[in-house]
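Visitor: Sequence and predicted structure below; questions after.
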Amino acid sequence: MNDYKELIRTEAARLGFDACGFARAEAVDAEAQQRYDRWIAARRHDCMDYATRYLDVRSDPRLLLDGAQTVISLALGYYPAVLQDRESPQFSFYAYGRDYHEVLRERLRALATYVKELTGCESRACVDTAPIREKYWAQRAGIGFVGRNNLLILPGRGSFFFLGELVTTLAVEPDEPCRLTCGDCRRCEIYCPGKALSGGEALDASRCLSCQLIENRSETLPEWVGERAGLRVYGCDACQRCCPHNAYAEPTRVPDFAISPELQHITADDIASMTEEQFRALFRHSAVWRLKLAGLKRNLEEILGNRG
């Protein structure tokens, strides 16, 4: 069975994945479950109400697939080779290219097909739209650790990675969990614009600039957002760009994640005058699509209003 692991790792690399690890499918451990429960009870998830759904499945990936034995955790890098113009309204790196859900899902399904042909075992492909604790399982599978910024950090490679999983009926020896930590480093706490990270506690989404600009569907945003957003109109990345691990980040090898010239050079006037047709042409296959044009213009008004 362990021979299967190396064959699957090799195929994952051929498909472009940057890391692949294996964890036993079982209930989330008690300590991690208690932390999550406290986070929900304290309403630190704020407007991310989806975090309160399917709690039983989030606690045990075996509920995603009958007979599940293993969670295969995979990472796909998205750090950009080319950045937006510095004076442009700023978008998070992860939204530069094609919607990662589409890209990951295609590759995960291809890997699931390979596992089926190799072993005869069934698999379910999961991206972050599925109720699975992806960072927890990535750490259990040994590909990285959860940093103080609440993101998965691949040692020596950074945090600019999308995560995906195959929950599979294939039984293999699990990999060793990653037991590294951030140590005494607190750069992300210091540089977080909304001070959403505090003392190693879970993210406070009500103070997270990325959460407010992307997940908040209200007509207006909290006053502090406009004061601290700078030029950001979609996402943030501050806690990643200051992280020492990301000094080693390598540009993505995935063409789908490359920035388009239109987004690279976009201006505030471009967004302010954008029509639904233009929005569709630029963002139909982007993560920005879910924000909708009205949400993007709301965010632009916040930063323009703050700049007077």
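Guide: That came through, no problem. Numbers count the residues shown, from 1 in each chain.
Visitor: Where does Val137 sit: helix, strand or coil?
Guide: Heads up, residue 137 is Trp, not Val. Following DSSP: H, G, I helix; E, B strand; the rest coil, we place Trp137 in the helix state.
Visitor: distance of it from Ala32?
Guide: Remark: distance between Trp137 and Ala32 (Cβ to Cβ, to the nearest Å) = 10 Å. Bear in mind the C-beta positions are built from the backbone N, C-alpha and C, glycine included.
Visitor: Can you pick out the residue with more neighbours from those two?
Guide: Trp137 (24 against 17; other Cβ atoms under 10 Å).
Visitor: and Ala42, what pLDDT?
Guide: Note on Ala42: pLDDT of 89.
Visitor: separation between it and Leu152?
Guide: From Ala42 to Leu152 the distance is 22 Å (Cβ to Cβ).
Visitor: Low-confidence stretches in the stretch 1-150 of the chain?
Guide: 1-2 (pLDDT under 70).
Visitor: One more: the stretch 201-308 of the chain?
Guide: For the stretch 201-308 of the chain, counting by pLDDT under 70, the residues that fall below are 201, 306-308.
Visitor: can you pull out the strands in it?
Guide: 232-234 (DSSP state E, counting those that start in this stretch).
Visitor: can you give me the helices in it?
Guide: Listed in chain order, the helices of the stretch 201-308 of the chain (DSSP state H, counting those that start in this stretch) span residues 209-214, 223-228, 238-241, 261-264, 268-272, 276-283, 292-306.
Visitor: Ok, which of those helices comes nearest Arg9?
Guide: Minimum separation from Arg9 across the helices of the stretch 201-308 of the chain (Cβ to Cβ) falls at helix 238-241, 26.1 Å.
Visitor: for the closest one, packing partners?
Guide: Where contact means 3 or more Cβ pairs under 8 Å, 6 or more residues apart in numbering; DSSP states H and E, helix 238-241 is packed against helix 187-191.
Visitor: now what about the helix it packs on, what contacts it?
Guide: For helix 187-191, the external contacting residues (Cβ atoms under 8 Å, 6 or more residues apart in numbering) are 147-149, 195, 197-199, 238-244.
Visitor: which pair in the residues you listed spans the largest distance?
Guide: Gly199 and Arg241 (21.5 Å).
Visitor: Ramachandran coordinates for Ser73?
Guide: The phi/psi pair for Ser73 (degrees, to the nearest 10) reads phi -100, psi 140.
Visitor: err, Ala23, not the other one
Guide: phi -130, psi 150.
Visitor: That one: neighbouring residues, count only.
Guide: Neighbourhood size, Ala23 [other Cβ under 10 Å]: 24.
Visitor: cool, and Glu189?
Guide: Neighbour tally, Glu189, other Cβ under 10 Å: 18.
Visitor: Give the buried residues for stretch 265-272.
Guide: With burial defined by 16 or more other Cβ atoms under 10 Å, the residues of stretch 265-272 counted as buried are 266, 268, 270-271.
Visitor: can you check stretch 181-198 too?
Guide: 182, 187-189, 191-194, 196-197.
Visitor: what do you get for stretch 255-263?
Guide: 257-259, 263.
Visitor: Nearest to Ala68 among those?
Guide: The closest of those, once distances to Ala68 are taken by Cβ to Cβ, is Phe257, at 29.7 Å.
Visitor: Check whether that closest one really touches Val82, as I assumed.
Guide: No: counting by Cβ atoms under 8 Å, Phe257 stays clear of Val82, with 10.8 Å between them.
Visitor: the longest helix in the chain is where?
Guide: When the chain is parsed with DSSP state H, its longest helix is helix 100-119.
Visitor: what does that helix rub up against?
Guide: Residues from elsewhere that reach helix 100-119, judged by Cβ under 8 Å, 6+ apart: 4, 7-8, 11-12, 15-17, 72, 74, 76, 78, 94, 121-129, 162, 164-166, 168, 170, 254, 256-257, 285, 287.
Visitor: mind redoing it with 7 Å?
Guide: 4, 7-8, 11-12, 15-17, 76, 78, 94, 121-123, 125, 127, 129, 162, 164, 166, 168, 170, 254, 256, 285, 287 (Cβ atoms under 7 Å, 6 or more residues apart in numbering).
Visitor: Got a quick PyMOL command for the buried subset of those residues?
Guide: Only the buried members of the contacts of helix 100-119 enter the following PyMOL selection, criterion being 16+ other Cβ under 10 Å:
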select buried, resi 4+8+11+12+15+16+17+76+78+94+121+122+123+125+127+162+164+166+168+170+254+287
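Visitor: Now, of the contacts of helix 187-191, which are buried?
Guide: Neighbour-count burial (16+ other Cβ under 10 Å) applied to the contacts of helix 187-191 gives 147-149, 197, 238-240, 242-243.
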